[in-house]
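A.B. asks: Please work out how this folds:
(chains A, B, C and D)
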Protein chains: 4
Amino acid sequence: MERKRRICFPLTSRAYYGRTQLLIQKLHDHPAVDLQLMLGGSILLDKYSRHIADDIERGGFAISTSYFNVIEGGNHVAMAKTACLTALEFTNGFHQIDPDIVIVCGDRFEQLAIAMTAAYLNKTIAHIEGGDVSGSIDESVRHAITKLSHIHFVTNADAQRRVLAMGEDPNYVFNTGSLDLEVAASVRTTLTADRINSYGVGHAVDITRPFLTVIQHPVTTETDNRAHLETTMRAIAELNMPTIWFWPNPDAGTGEMSESLRHFREHHAAITEKIRFITNVPVDEFIALLRATSCLVGNSSAGIKECSYLGTPVVDVGARQHGRLRGEHVVNVPYDAPAIAGGIRAQLRHGRYSASTLYYKPDASRAIVDVLTSIELYTQKRFCDPVESVYAAATKPAQ
Amino acid sequence: MERKRRICFPLTSRAYYGRTQLLIQKLHDHPAVDLQLMLGGSILLDKYSRHIADDIERGGFAISTSYFNVIEGGNHVAMAKTACLTALEFTNGFHQIDPDIVIVCGDRFEQLAIAMTAAYLNKTIAHIEGGDVSGSIDESVRHAITKLSHIHFVTNADAQRRVLAMGEDPNYVFNTGSLDLEVAASVRTTLTADRINSYGVGHAVDITRPFLTVIQHPVTTETDNRAHLETTMRAIAELNMPTIWFWPNPDAGTGEMSESLRHFREHHAAITEKIRFITNVPVDEFIALLRATSCLVGNSSAGIKECSYLGTPVVDVGARQHGRLRGEHVVNVPYDAPAIAGGIRAQLRHGRYSASTLYYKPDASRAIVDVLTSIELYTQKRFCDPVESVYAAATKPAQ
Amino acid sequence: MERKRRICFPLTSRAYYGRTQLLIQKLHDHPAVDLQLMLGGSILLDKYSRHIADDIERGGFAISTSYFNVIEGGNHVAMAKTACLTALEFTNGFHQIDPDIVIVCGDRFEQLAIAMTAAYLNKTIAHIEGGDVSGSIDESVRHAITKLSHIHFVTNADAQRRVLAMGEDPNYVFNTGSLDLEVAASVRTTLTADRINSYGVGHAVDITRPFLTVIQHPVTTETDNRAHLETTMRAIAELNMPTIWFWPNPDAGTGEMSESLRHFREHHAAITEKIRFITNVPVDEFIALLRATSCLVGNSSAGIKECSYLGTPVVDVGARQHGRLRGEHVVNVPYDAPAIAGGIRAQLRHGRYSASTLYYKPDASRAIVDVLTSIELYTQKRFCDPVESVYAAATKPAQ
Amino acid sequence: MERKRRICFPLTSRAYYGRTQLLIQKLHDHPAVDLQLMLGGSILLDKYSRHIADDIERGGFAISTSYFNVIEGGNHVAMAKTACLTALEFTNGFHQIDPDIVIVCGDRFEQLAIAMTAAYLNKTIAHIEGGDVSGSIDESVRHAITKLSHIHFVTNADAQRRVLAMGEDPNYVFNTGSLDLEVAASVRTTLTADRINSYGVGHAVDITRPFLTVIQHPVTTETDNRAHLETTMRAIAELNMPTIWFWPNPDAGTGEMSESLRHFREHHAAITEKIRFITNVPVDEFIALLRATSCLVGNSSAGIKECSYLGTPVVDVGARQHGRLRGEHVVNVPYDAPAIAGGIRAQLRHGRYSASTLYYKPDASRAIVDVLTSIELYTQKRFCDPVESVYAAATKPAQ
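C.D. replies: This next block holds a predicted model:
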C-alpha cells in the first residue's frame, strides 16, 4: 500500500473516547495509517468531560478540528438541532481533511448525523457496535447507521445476525467483541476512597464497605424521566446505603433530571445524606469503581456490557436497555420503587457473578485495525439478500 | 377519534409533489386529518419548479412554512450541507406545528435528514417507497430511512420482503403499489406539439412523428458524470432523431452536466439541432410525454416505474437504477455510445410493450390514507426478528 | 391607517423581557398594532429564566415561534455561533410572519445578529438604548446595531448626541428616557425575607439588616474573568456582611466564573457562609432588592441605570461599564480587593443618594408606542451629515 | 517583532480578489506576515468565477479552508441566510487558525457577517473601503462594519470624514486611496476582439469600433429589479450599438433579472442581436474593456471608481450609487429609457474624460501593508468624540 490510509475518528462524547482508547492508540501507532481525530459535541464541554481535549492533545494525537455544537435545552428539539449542526460542521471538516474511512461508533444521535454526511461525501464508513437492540431512540439510530455503513464491527453473535439480516455484505461484517470490555479487561487501577471522594459533591463514601452505584440516563422516547429518576431515588433512600450517583448524560430529558437531583440535594438533605454525586471519572477509575461496587443500579449500557465481564451485579431499570443480549448478572425491573429496592436486595444477597464472554473477545482493537488497514474499500452499497447469508445457516435444522 | 390527526408532509422536490398529489388531495379532504404541508429544498427554486408553491397555495392547501435551504455548488459538499440545513430548519418547523405523523418519501438525500430529525422529536414516521434497491447514494438513504420509520408503504413485493428482512414490524408494512403509477393511470392529458414546444429552448419537436426522450441525472457516487452525459449525447447524435432532453436534477454532479449541455448547445450546434432542452413540465404532461415518446433513454426511475405501466420502451443507462425490480420493457446498457445507440434501435424496432402491474395497484392513495387515519401510532421501535415474519414463508419449500 | 402595523419583538433574554414589559403591554393593547413576540436565546433556558415563556403565554401574548439556539461552551466561539444560529433562525421567522417593524434592544451579541438579518430582509428596525458607551464587545455591538437601524430610542442626552454624530437622521432619533427606569419607578413590591430566601442556595439573608448585593458578569473582551471574580469574592469575604450574589449571565467567560463560585461553595464554606447565591428573580422583586440593599457591587448596568433613579450606592468594578454616563451614586474601582472593599465601606458610610433623572423620563413606553404607530416607515438609509444636526449646536459657543 | 502576524483574508467574491490582488501578493511576500486566505460565498461557484480557487492555489497562496455557503433563491431570505451560514462557518475557521487580524472588505452583506463573528472572537478587524455612501443595503452594511472594525483604510477624503464622525479613533483611520484603482493603473493588458468574444454567448462585438458596456446589478432594497433591467434594455435597443452586457451579480433580485435577460435572448432575438452576454472576465481584461468602451451604462461601482481614473464616460442608472463621491465623468439618470438613451448619447458626444485622482493614490497596497505590519493592535473599542477629531477642523472658520 503506497499512500497511508487516512482514517478519521470523530469523537463526540467522553464515553466514546474512554472505550476506544486502545483502538485509537493502535491506529495512531500504525505505519500505514494517518489518523485524524475530530472533536465535537459534549466531549468539548467541561460539564461532561474535564479537559478531555487537553488530555488527547497531550497524548500526541493530531486533532484536525474542534466544533462546539451542543445546543442547550436538554430537550428533543435541542438534541435534534445539535445533531444537525454537528452534521453541518463535520461536512466541512471531512471536506477539509478528505479521509478514506470515517469511523462511527455506537448509537448516539450525533453519530447518525455524522454517518449521514460522511455517506453523502462518498466516504467509506466503518461502524463499531452495530446490530444491538435497545430501547430509546438509540434503537432506531443504531440500525440507521448500519444501513449507511460499509464495514461493521459487532460485539456479539446476536448483533452479527441482525446486521446480516438487514442486508449487509457478509464479507464486511466482523464480530470482534467489545472494545469497552477490552479496555475493562486491561485496567489495573485500584480505586481509593481519597480518589473517588475528590470528585463531585456530597457524602464521602467509604469504599471499603458495601456501596451502590447509580447511573440513570434520560430515555429520550419517554416523557416522564423526572418521575422515573425520583422512583429510583426513593428506592435508594429506602436501602440507606452509601451510594455513588452519576449525573445523567446530556440527552433530551437531562434538564429535568438534573433539576430533580439538585432539588433533592437542597431540600431533602436527609434522603441524600449518604450519596455522593459525581459528573464523571476517568475510564480506568470507572472500571475500578464497577469492580468495587456491590451493585450497579440504573440504565447504563455499562451494566449490560462491562459488568458482564466484571461480574458485577446489576439492577437494570426500565426500558432503555430493552432487548439487549444480557448475562445472568442482570435483573431487569420496572419503574417501581419497591421493585427496584427488591432487585437490589436480591443482588446484594447473591454477590458477584463469574465473568461472561458474551461481549468479550481478546484483542478486539487489534482485529479492527487489521481490517481497517487491509480490507478493500468501497462506497456503493448493495442490499445483500440475507436468505443466503444468515438464514441459510439459521434455517439449516429445518432441512 | 376525538382530535384530528396532524399529518405533516414535507415537500422538497417537484417530483414528489407530482407523484403524491392524489394522496395529498385525499388527506386534505379527510375529515379526521389536519394536513400540514412544509416546503423546502429544490421545490422552492424556479430553476427546478415553476411557481410550484403558488400552485399548491392556489390548491387550497395550508403551507405551514417554506425554507430556502439549497446550498449552491452542485457537488457532494453542497448536497450534504443542504441536507443538514434542511434538517435544522425542519426541526424548528416540526417543533412549531407538532405533527402526529411525518410522511417521508422515497430516497432523496434531504428526506433522510428530515426523517432523522423527526425521529429525534419522537414523531411517528410514515415512509413511502421503502425497500427498493438502486445504485447511487439513494440505496443507502432509502434503507436508513426505513430503519427510522414506523409505518411503511412499499410499492412491490420485492421491496416488502426487504423491509421485513431489515427487522420492521410486519403489522406496519403495507404493499400499496406505487403512487406514481396511480397518478400515471389517472392522467387523461393529450400532449400537443404547441404545448411541449412552449417549454425550454432549442429545436421544435414534431410529436406526431417518432421522437426520443432523454432524462439523465447525476449519479452521486460516480465521478465522471460529465463523460457519461457526453456518451449519451454521442449516441443520440448518431441516431439523428427529434429528441426531448430534460436538464439533470440538482444532485451533486449537476453543475458539470449542465455546463456540458450548454457547451454542446453553444459550440456544437449541429449535434443538438434536433434536440429540445426542457427543465420540467407539469406531471400530467410528463405522463402524456412518456406515452407519446418512442423510447425513454437515461437513468430516471420513471423508466423503471411509470414506463412499466405505460408500456414505453426504455434504455436504462449505467448503474443508477441497478438492482431494481424491472419489467421486460427495460434494456440496461453500460456507459458506451454504441451500446446505447444499439439499445435504442432495438427498442424502436420492438415498439411499445403491454402494461405491467409490477409496481401498480389500483387506489394506492386511498389505501395509504386508510392506514394513516386508523392505525395505532407508536414511536419506540423494536427489531422484529425476520425469521418468523418473512423467512418463515421464504424457506417453506425447504421443509 | 388601514392595516395594522405588524411589530415583531424578538426576546432573547429574561432581562430584556423584564425591562420592556410596559412597552410590550402597551403594544399588545394598541388597536393599530399586531404584536408578534419571537423567543430565542437564553430566555428559553431554565437556567437563566424560570418558565418565562409560560409567563408570557399566560399574559395573553402571541408567541409566533421559539428557537432553541444557545450553543454550550461559555466561550467566544460558542457565543459567536449562538449569534449566527439565532440570525439564521430568525430569518425564517421574519420570512414567515413578515413584520413591518422589528424592535431590537440594547447591546447583546445576538441582537446584532437579529438586526443584521432584519436589515437584509428590508425590515424597518427600531433600536432601543442606542448611543451609550461601555466596555466589552457591547460597545461595538451597540453602535453597529445603530448603523443598521432606522428608528432610535435613546435613554439620555449623551447617547442622543452620539447617535446623531454617527450620521443618523435627526427626525428618527428620540430621547425617551429608559424603559428600565420606567419599570423601576412603577414597582410597588416590597421585598420579604421569605421570598428572597426561597430562591437559590446558601445562607438565609436577613434583609431587615444591612446587606450587600453582587452582580458580576463576564467581560467578553477580557481573559481573566475568573481572577476578577475571585478578587471581588475576597473583598466581600473581608467585609463579612450578609450578601445576595447573582450568578453571572451566560456570556463568554461564564463557565470559569460559575465554576469558581461552585468551588468556593464546596471547598471554602467559611468564605461563603454569609452569602446566598441566586440565579435570578422576577423584575419587580429585583427592583425591590435594589431598593433594599445597602450597596450594589459588580459590573451590572443596573448599577449605572436603575440605581441612579433608586439612589442605591454602587461600587462599579472594572471596565465593563467604562465611559457610560453615570450619576454621583457610582464609585468605580479597579480589579483590586482592597479597592473594592474600600469602595464598599465608603458607600456604606454615605448611605442612599437622592434620585437622579439622568436616564429617567416619565412615560417612556408611551412615547415609544406613539412613534412606532405613527411615524412614516422607511428602509433605505442615508448618512446624514452630523455637522448640521448635532455639531451646529455643539459649536455654537464658538461663534 | 518576534512572531509573525497572522493575517486572515476572507475572500467571498471574485471581485474582491480582483481588486485586492496587489495587497494579497504583498502580504504573502512580507517576511513578518503569515497570510491565511479563507474562501467562501460566490467565489467558489463556477457561475460567477471560473476556477478562481484553482488560480489562487496556483499563485502559491495558502488557502486554510473553503466553505460552500451560498443558499439558492436569489431573494432576500436566501441572501440573509447565506450571510448567517457564512458567519457560522467562518467562526469555526477563525477558531481553527486563530488570526491576529481579519481583513474585511467593502460593503457586501456576507462581509458584515464575517466582521460580526470576528468581533465576537476578539480579533482585530481591518476594514478596507469604509465611509463611502451608496444606495441599497450596502449603505447600512458598510457603516455597521465600520463600527465593528479597529483599523480603517478609506479611499477618499469624504469617507475619512464620515468614519471619524462615527466615533472611530483618528490614529487608526488611513486614507490610502483605492486598491481597485491601483490595480487599474497597473494594468497593461490590451483587449482583443478574439479574447472578449471567447467569453459568454451572443453577438461577436467588433471592439475596434465604438461599443457600449452594461453592468446592472440588483438593488436589494428595491422590488422592481426586473422592470429596471428591462428599461435599460429598451434604451440599449434604441441606440442599436454593439454592446457587452454583464450578467448581474448574485444579490437578492438576481433571479428575475437573469430570467428576464434569458427571455430577451430566446424570444426577442432582434433586440439582442448586437449584444454579447458575459458572466465575467479576468480583472486585467475588465480594466482593458473599461478603457476601450465608449460608455459604461448601469449601476456598477466601477463606473464611479475605476472609470474616474480611466476617464471612461459613465451613465449611472438609478439609486444604487446614490450619494457617492463622483467625478464629472458620471451622468446619473433615473429608471427611464429615454433618459438613459439621452445620457448615453450625451456621453458619446463628449468622449473620454481626463483622469481624476478622487479615489486614487499611488501605492495604496504598500501603505496598507505598512500599517498592518507595524501598528499596535487592540480589540476593545471606545467611541472617540468626533468634535475634537474631525469637527475641530470642520468648524475652524467659525472661530
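
A.B. asks: ok, the nearest residue to A:N175 once chain neighbours are set aside to chain D distance?
C.D. replies: Closest residue in space to A:N175, ignoring its immediate chain neighbours: A:Q160 at 4.7 Å, by C-beta to C-beta, 6 or more residues apart in numbering or on different chains. To be clear about C-beta, it is placed using only N, CA and C from the backbone, and glycine gets the same treatment. Using C-beta to the nearest C-beta, to the nearest Å, A:Q160 is found at 38 Å from chain D.

A.B. asks: same check, this time on A:A270
C.D. replies: 47 Å.

A.B. asks: same thing with A:S42?
C.D. replies: In terms of C-beta to the nearest C-beta, A:S42 sits 18 Å off from chain D.

A.B. asks: Just to check, that residue is in contact with A:P250?
C.D. replies: Yes: between A:S42 and A:P250 there is a contact under C-beta atoms under 8 Å: 5.3 Å.

A.B. asks: Any residues of the stretch 51-200 of chain A in contact with chain C? List them.
C.D. replies: A:68-73, A:75, A:77-78, A:81, A:85 (C-beta under 8 Å from any C-beta of the partner chain).

A.B. asks: Which one of the residues you listed sits in the busiest neighbourhood?
C.D. replies: A:N69 (31 neighbours; other C-beta atoms under 10 Å in any protein chain shown).

A.B. asks: Was I right to think it contacts A:T86?
C.D. replies: Yes: with contact taken as C-beta under 8 Å, A:N69 and A:T86 are classed as touching, separated by 5.0 Å.

A.B. asks: if we can go back for a sec, helix, strand or coil for the residue nearest to A:N175?
C.D. replies: Of the three states, A:Q160 takes helix under DSSP: H, G, I helix; E, B strand; the rest coil.

A.B. asks: same check, this time on A:A115
C.D. replies: A:A115, by the three-state scheme (three-state DSSP), is helix.

A.B. asks: could you measure it against chain C, distance?
C.D. replies: From A:A115 to chain C the distance is 22 Å (C-beta to the nearest C-beta).

A.B. asks: can you check A:C8 too?
C.D. replies: Taking C-beta to the nearest C-beta, one finds A:C8 at 21 Å from chain C.

A.B. asks: ok, the closest residue to that residue other than its chain neighbours - how many residues close by?
C.D. replies: Among residues not flanking A:C8 along the chain, A:P99 sits closest, at 3.6 Å (C-beta to C-beta, 6+ apart). Look at A:P99: counted by other C-beta under 10 Å, it has 23 neighbours.

A.B. asks: ok, the residue nearest to A:N175 - contacts?
C.D. replies: By C-beta atoms under 8 Å, 6 or more residues apart in numbering or on different chains, the residues touching A:Q160 are A:131, A:154, A:173, A:175.

A.B. asks: Surely A:D34 is within a strand?
C.D. replies: Yes: counting by three-state DSSP, A:D34 is found in a strand.

A.B. asks: Now for it: which residues touch it?
C.D. replies: A:4-7.

A.B. asks: want to throw these into CSV with distance to chain D, neighbour count and secondary structure?
C.D. replies: Output for these, formatted as CSV (distance: C-beta to the nearest C-beta, whole Å; neighbours: other C-beta atoms under 10 Å in any protein chain shown; DSSP: H, G, I helix; E, B strand; the rest coil):
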residue, distance to chain D, neighbour count, secondary structure
A:K4, 22, 14, coil
A:R5, 23, 19, strand
A:R6, 17, 16, strand
A:I7, 20, 24, strand
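
A.B. asks: Tell me the one of the residues you listed nearest chain B?
C.D. replies: A:R6 (16.5 Å; C-beta to the nearest C-beta).

A.B. asks: Return the set of residues that bridge with that closest one.
C.D. replies: Beta-bridge pairing of A:R6 under DSSP bridges involves A:D34.

A.B. asks: Helices of the stretch 201-350 of chain A, start to end?
C.D. replies: Along the stretch 201-350 of chain A, the stretches classed as helices by DSSP state H, counting those that start in this stretch are A:225-239, A:254-267, A:283-292, A:301-304, A:306-310, A:337-350.

A.B. asks: Tell me which of the ones you listed sits nearest to chain D.
C.D. replies: helix A:254-267 (24.7 Å).

A.B. asks: Residue of the stretch 101-250 of chain A nearest chain C, please.
C.D. replies: For the stretch 101-250 of chain A, C-beta to the nearest C-beta, closest residue to chain C: A:V201, 5.8 Å.

A.B. asks: List the residues that contact that residue.
C.D. replies: A:265, A:276-277, C:266.
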